[in-house]
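Peer 1: Here is a sequence with its predicted model. Questions after.
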Amino acid sequence: MLRVLTLMLTLLVALPLWAAEIAVPAGQGTLAKAIAGAQPGDVLMLSEGRYEGAITIDRPLTLTGPQTAMIDGMGQGTVVTIDAPDVTLRGLTVTGSGMDSEALDAGVKILKGADRAVVADNRVIGNLHGVDVHGGRDAQVLRNTIEGTRQARVNDRGNGIYVWNSPGTLVEGNSVRWGRDGIFSNASRTGTYRNNLFRDLRFAVHYMYTNDSEVSGNVSIGNGLGYAIMFSNNIIVKDNLSLSDISHGVMLNYANNAEVSGNLVRGGANRCTFIYNAHKNLIYNNRFEGCEIGIHFTAGSERNVLTGNAFIGNREQVKYVGTRDIEWSFEGRGNYWSDHPGFDLGGDGIADSPFRPNDLMDHILWSQPAARLLTGAPAVQLIRWAQSSFPATLPGGVVDSAPLMTAPQIAVPEDYAAMEAEAAVRRDESDMNDIDVNDLSSH
């Protein structure tokens, strides 16, 4: 009983019993002065108008108000720096950061030690980086509208949300447009990035050295690349949409032990998905539709399982060059191929014959692009007929021993479909067309 009473007394002493709501008038320097005079736990109520000058929140406070309350950094440094735990920034407009890439100027920056910060329901507009979670643990970035800059060189722009060495970060329900990457997560872990909308960016989600985390329920429309998981382990990538992205929908590059499921990629990307030197990944129930290449599988990727996926209407369903067969079915269940003329006499949903998506001519065309001029020649058609009739003559490659007869369906809400159509119309004018996503030095 004594221990219980002691604990209760400790908690009561720790509570900010003096917390108050403080109205802060707009003007230059008024907000910084209010922060300096506030007690831990106070709520600063901002009113309509402009609050000029960058601020640092160095104690546990809540800043809130209408979105017509604008904190303006006036082009100098980071606008709002959070340098204390348990800070909330809610419902405001944050604009006017500096443009110094080395200093990582941002609309909102959460520093190391500023744990459990909440940045919610704000408009973060016209800053170099939008929200920079830079060391603070268990941050929450929720339901913000973040619009970046549109400099001519993409690498001169900042990221909508930058997460660096910030375990436990939750990024949910945000709308991010323009700038460089929607979310750039680097050297972090145990994050959850879900239900965000990304438009007109280089990458929607870009992972580097980020482990044990989740990317789910996001929507990428008209970006250079949808979801780039690079040099990261134990990632869940599920139920995301990549609509009219330009280069890739999903990329696994040096990514291992990932679970990639329920994702839809469609709308003319160069590659729906790219698997490069990635091992022991489970890739299932995805739909890859209308790309130049459905899946490009290369660089010695080993021990991956692909099952239940749909490859629909891609110009080349699979690009894989290898000297041995690799099996793309699991426990008697393969994938759906729109160009497989199979039958299901047994009525079990599995085609009666295996499927090989590539033949010898495909390998020649990949290595010698000029040979495409001969694809309609009778000799080429004879070679393809001979290989289909005598499978022993086929080179190594992908084999699906249990092709599916029906494809998984993934619905797209009407508002996202309208955005997809708009992005497709202006696709050729996008400033992301000249990005080489395979140039690792640019990442």
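Peer 2: Thanks, I have it.

Peer 1: Now do residue 433, the pLDDT please.
Peer 2: Looking at residue 433, its pLDDT is 61.

Peer 1: Quick check: bridge partners of the most centrally placed residue in the chain?
Peer 2: The chain has residue 205 as the residue nearest its centroid, 2.3 Å off, counting by C-alpha atoms, centre = their mean. Taking DSSP bridges, one obtains residue 183, residue 227 as the residues bridged to residue 205.

Peer 1: ok, it - contacts?
Peer 2: The contact partners of residue 205, taken as C-beta atoms under 8 Å, 6 or more residues apart in numbering, are 181-183, 185, 193, 198, 215, 218, 220, 226-228. For every residue, glycine as well, the C-beta is placed using N, CA and C.

Peer 1: Residue 352 versus that one, what's the distance?
Peer 2: Separation of residue 205 from residue 352 (C-beta to C-beta, to the nearest Å): 40 Å.

Peer 1: who's residue 21 bridged to?
Peer 2: residue 43.

Peer 1: Residue 27 too?
Peer 2: Applying DSSP bridges, one finds that residue 27 bridges with residue 51.

Peer 1: Now for it: which residues touch it?
Peer 2: With C-beta under 8 Å, 6+ apart, residue 27 has these contacts: 49-52.

Peer 1: what's the pLDDT at it?
Peer 2: For residue 27, pLDDT reads 96.

Peer 1: Please apply the same query to the one 4 residues further on.
Peer 2: Per-residue pLDDT puts residue 31 at 98.

Peer 1: for the one 3 residues further on, same thing?
Peer 2: Here the pLDDT value assigned to residue 34 is 98.

Peer 1: Can you report phi and psi for it?
Peer 2: Backbone torsions for residue 34, taken as degrees, to the nearest 10, come to phi -70, psi -40.

Peer 1: residues touching it, list them.
Peer 2: Contacts of residue 34 (C-beta under 8 Å, 6+ apart): 22, 24, 44.

Peer 1: Throw those residues into CSV and include distance to residue 238, pLDDT and neighbour count, thanks.
Peer 2: Below are the contacts of residue 34 laid out as CSV (distance: C-beta to C-beta, whole Å; pLDDT from 0 to 100; neighbours: other C-beta atoms under 10 Å):
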residue, distance to residue 238, pLDDT, neighbour count
22, 44, 97, 16
24, 43, 98, 20
44, 39, 98, 20
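
Peer 1: of those, closest to residue 142?
Peer 2: residue 44 (19.3 Å; C-beta to C-beta).

Peer 1: do you know how far that closest one is from residue 36?
Peer 2: From residue 44 to residue 36 the distance is 11 Å (C-beta to C-beta).

Peer 1: Likewise for residue 62?
Peer 2: For residue 62 relative to residue 36 (C-beta to C-beta), the value is 16 Å.

Peer 1: what about the strands in the stretch 251-400 of the chain?
Peer 2: With DSSP state E, counting those that start in this stretch as the criterion, the stretch 251-400 of the chain has strands at 259-261, 264-266, 271-276, 282-284, 287-289, 293-298, 305-307, 310-312, 316-319, 326-327, 336-337, 398-399.

Peer 1: and whichever strand or helix holds residue 45, what other elements does it pack with?
Peer 2: Using DSSP states H and E, residue 45 maps to strand 43-46. Packed against strand 43-46 by the contact rule (3 or more C-beta pairs under 8 Å, 6 or more residues apart in numbering; DSSP states H and E) you find strand 21-24, helix 30-37, strand 62-64.
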